[in-house]
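Novice: What would the 3D arrangement of this be:
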Amino acid sequence: MGYRQLTQIQRYQIFAYLETGISQRQIAKAIGVHSSTISREIKRNGLTSGYAPEQAQSASDQRRRTAWKVTKRLPSLIRWVTDQLMDEWSPQQIS
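Specialist: Alright, predicted model coming up:
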């Protein structure tokens, strides 16, 4: 099974199951993920007052937007650098 991020629906399911007192292992089985995924999600996105799915989704979206792999190589930047190299700019000029 490949890696997939939790969806907003799954985060609401986690919240609902936690509110009813179901164990993390049972929650994992119910939503079809590994139990460590539930543990990690609660640890990463839980608040001192409990787990809030809205804040968890918001934090996840923010991490995804600022992730290194997202900003590592923008196609427009690659195109611009390539154009400058074709125009015989030096790497120092480009940087």
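Novice: and whichever strand or helix holds residue 27, what other elements does it pack with?
Specialist: According to DSSP states H and E, residue 27 maps onto helix 24-31. Secondary-structure packing of helix 24-31 (3 or more CB pairs under 8 Å, 6 or more residues apart in numbering; DSSP states H and E): helix 8-20, helix 35-45. Every C-beta, even on glycine, is put in place using the N, C-alpha and C of the backbone.
Novice: Show residues contacting the last one.
Specialist: Surrounding helix 35-45, the residues in contact under the criterion CB atoms under 8 Å, 6 or more residues apart in numbering are 6, 11, 14, 18, 24-25, 27-29, 51-52, 55-56, 59-60.
Novice: who wins for neighbours among those residues?
Specialist: Among the contacts of helix 35-45, the one with the most neighbours (other CB atoms under 10 Å) is residue 14, at 27 neighbours.
Novice: show me the contacts for that one.
Specialist: 6, 27, 31, 38, 41, 42, 51, 53.
Novice: give me that answer again for 10 Å
Specialist: If you count contacts by CB atoms under 10 Å, 6 or more residues apart in numbering, residue 14 has them with 6, 22, 24, 27-28, 30-31, 33, 37-38, 41-42, 45-46, 51, 53, 56.
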